[in-house]
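**Q** Got a sequence here, can you build the structure:
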Amino acid sequence: MKKNYLFTGFSLILLIILIPQILVQTSCANIIPPEGGEKDTIPPRLVKASPPEYSTDFSDGRITLTFNEYVDVDNYLQNLVVSPFPSNMPTLTRKLNTVTIKLRDTLERNTTYSLDFGKSIKDVNEGNILKDFKYIFSTGSFIDSLMFAGKVVLAETGETDSTLTVMLHKTGRDSALINEKPRYITKLDSKGNFIFRNLSPGTFYVYALKDESGSYRYLSKKQVFAFADSAVTITANTKPVLLYAYSAEQEKETPAAPAAPTTTRTGRRSGSVDKRLKFQTNLNNGTQDLLERFAFIFSVPLKNFDSSKIHFSTDTLFTPVTGYHWEADSALKHIELVYPWKENTVYNLIMEKEFATDTLNQQLLKADTLSFITTKASDYGKLSLRFRNIDLSKNPVILFVENNTVAHSFPLTSEVLTREMFPPGEYNIRILYDENKNGKWDPGEFFGKRKQPEMVIPLERKLNIRPRYSNVFEISL
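**A** Below you'll find the model as predicted:
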């Protein structure tokens, strides 16, 4: 017995000594959390709808959608598309895994309704969007099933703008676009395509519109807009339509500023009121393009321009130059010097104080001198383009596009275009069909005339023009 007591006491003492060490070692050990599974990429799934989807003889004012996980509703006023277009948009609320829609309009009889939720429903945890989800019902005895599809392109570029909305109106009156909401609306996909579903037979007038206000009305000629030439009758065999969108009244573009614009040098003292004449030029780092005209671009329209008070000369001896003249635009903000440049040559412009006066009565504070040098002929490449299957009766104009801007354009009078000097660079190519032969793209005019815009067809081929090289290409249309 005595030995047992001694063994037990010894064991207790040993535990008292070892327990703190065990606890310290345990607390210092790395705690490795359990490994998780793969990231959830599956969007919510509808498990129940009340009333059920595709219900007929529908008369409820409230719809409840139940999903298999907690969901959120994001910007539903921008995403939700209701057809036919309502006078008052429904309200959406969500709680846990349910979304409740309250209809605020009186439902029409014998009508198929569609609620397209766009990108508004997503799961709470990962934000996975339930795409292309629609809830459809009918107040009649069957679901309408006719479809109507098409595409919208921007007439000036041949590209697409997925922010446009396509509208179907029941009346063809011009005033309907101003005073009435459309019967149906739908949005474009990323490629400019649209499709209306669950339509009933009928005749509609088709329009597309950029409408950031959400009014779906054509209220400004600056809005991007498109229209079909004639009404469309919806049947089982209705063909798709192609709409050409345009802005009838575009913002006037200010000529692009050069990389290092040249402005007046007046010696204005710091702190004084700036009453100097303000302008820039199209020179590029003090260099004049042989193929372009020199240009003054004034910030304020001019009241007076006196070319006799600009002295044009060449070389460092300021030798006077002859055989030139000045041309101004109608707003007297853009004035160009017309002259056949010589390559790699120094030119000077001496501007007297009174050479120009803007409508604010601003002039130069003192005479100023501007010197620049022209580019070399070797800076350019030779271009030879041959077109196959081009229709010259449509007055085609070839557009060379650089950085989404038309850099050069040439009317085509034959299947071959040749330029001895062409600025190097990589260009996208478009073909403009110039109906009025004015050499530029013209927008359409809807009210009163129903005139479509001129069409521009983008070509997939890119042209890389190299300097000091004969660049030969063949393009098939």
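**Q** can you give me the helices in the chain?
**A** Remark: helices assigned in the chain by DSSP state H are 2-28, 76-79, 176-179.
**Q** Across the sheet, point out what pairs with T98.
**A** Under the criterion DSSP bridges, T98 forms beta bridges with T66, K95.
**Q** can you pull the pLDDT of it?
**A** pLDDT for T98: 97.
**Q** looking at the chain, which helix or strand does the model trust least?
**A** helix 2-28 (a mean of 48; mean pLDDT, DSSP states H and E).
**Q** shaky segments in the stretch 151-300 of the chain?
**A** For the stretch 151-300 of the chain, the stretches flagged by pLDDT under 70 are 251-273.
**Q** Also the stretch 1-150 of the chain?
**A** Of all residues in the stretch 1-150 of the chain, those with pLDDT under 70 make up the ranges 1-37.
**Q** can you do 90?
**A** 1-41, 75-79, 125, 132 (pLDDT under 90).
**Q** List of residues touching stretch 439-452?
**A** For stretch 439-452, the external contacting residues (CB atoms under 8 Å, 6 or more residues apart in numbering) are 155-156, 174, 177, 218, 225, 227, 229, 244, 246-250, 397, 409, 411, 432, 434-436, 453-454, 456. No exception for glycine: its C-beta is placed from N, CA and C like everyone else's.
**Q** Buried residues of it, list them for me.
**A** Buried residues in stretch 439-452, counting neighbours by 16 or more other CB atoms under 10 Å, are found at W441, D442, P443, G444, F446, Q452.
**Q** Start and end of it, how far apart?
**A** End-to-end distance for stretch 439-452, by CA to CA, to the nearest Å: 17 Å.
**Q** Check stretch 160-167 too.
**A** By CA to CA, the extent of stretch 160-167 from end to end equals 17 Å.
**Q** same check, this time on stretch 44-52
**A** 18 Å.
**Q** before we move on, what about stretch 371-383?
**A** 31 Å.
**Q** I'd like to check what contacts that stretch. Which residues are they?
**A** For stretch 371-383, with CB under 8 Å, 6+ apart as the criterion, the contacting residues are 262, 283, 286-291, 294, 341-349, 417-424, 465-471, 473.
**Q** The residues you listed, buried ones only, as a ChimeraX selection?
**A** Remark: buried members of those, expressed as a ChimeraX selection using 16+ other CB under 10 Å:
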select :262,283,288,289,290,294,341,347,348,349,417,419,421,422,423,424,465,467,471
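**Q** Just the contacts of stretch 371-383: which are in strands?
**A** Taking DSSP state E as the definition of strands, the contacts of stretch 371-383 contribute 287-288, 294, 346-349, 417-422, 465, 470-471, 473.
**Q** What residue spans form the domains of this protein?
**A** Here the domain assignment for the chain is 46-138, 146-245, 279-378, 380-476, based on automatic domain parsing.
**Q** can you map out the strands along the stretch 351-477 of the chain?
**A** Secondary structure of the stretch 351-477 of the chain (DSSP state E, counting those that start in this stretch): strands at 356-358, 368-374, 381-388, 396-402, 405-411, 416-422, 425-433, 456-465, 470-476.
**Q** Show me what the second one pairs with in its sheet, parallel or antiparallel.
**A** Which is strand 368-374. If you go by DSSP bridges, strand 368-374 pairs up with strand 287-288 (parallel), strand 346-351 (antiparallel).
**Q** Tabulate these (CSV), appending distance to S307.
**A** Shown next, in CSV, are those (distance: least, CB to CB, whole Å):
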stretch, distance to S307
strand 287-288, 18
strand 346-351, 11
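**Q** can you tell which of those strands is closest to T357?
**A** strand 346-351 (12.3 Å; CB to CB).
**Q** which residues are contacting that closest one?
**A** Contacts of strand 346-351 (CB under 8 Å, 6+ apart): 288, 294, 309-316, 318, 321, 337, 341, 364, 367-374.
**Q** now do stretch 185-196
**A** 81, 83, 85, 116, 118, 147-153, 160-168, 184, 208, 216.
**Q** Please apply the same query to stretch 403-419.
**A** The contact list for stretch 403-419, computed with CB under 8 Å, 6+ apart, reads 256, 382-388, 390, 392, 395-401, 422-423, 425, 427, 430, 432, 434, 437, 439-440.
**Q** Show me which residues of that stretch are buried.
**A** Per 16+ other CB under 10 Å, stretch 403-419 contains these buried residues: V406, H408, S409, L412, L417, R419.
**Q** what do you get for stretch 360-376?
**A** Q362, Q363, L364, L365, D368, L370, F372, T374, T375.
**Q** what do you get for stretch 225-234?
**A** F225, A226, F227, A228, V232, I234.
**Q** neighbours around the residue lying closest to the third one once chain neighbours are set aside, how many?
**A** Right, the one you point to is F227. Distance criterion CB to CB, 6 or more residues apart in numbering; nearest residue to F227, sequence neighbours excluded, is Y207 at 5.1 Å. The local packing of Y207 (other CB atoms under 10 Å) involves 25 other residues.
**Q** Tell me the spacing between the residue nearest the centre of the chain and H169.
**A** By CA atoms, centre = their mean, the chain has its centre lying nearest to D161, at 5.8 Å. Using CB to CB, to the nearest Å, D161 is found at 21 Å from H169.
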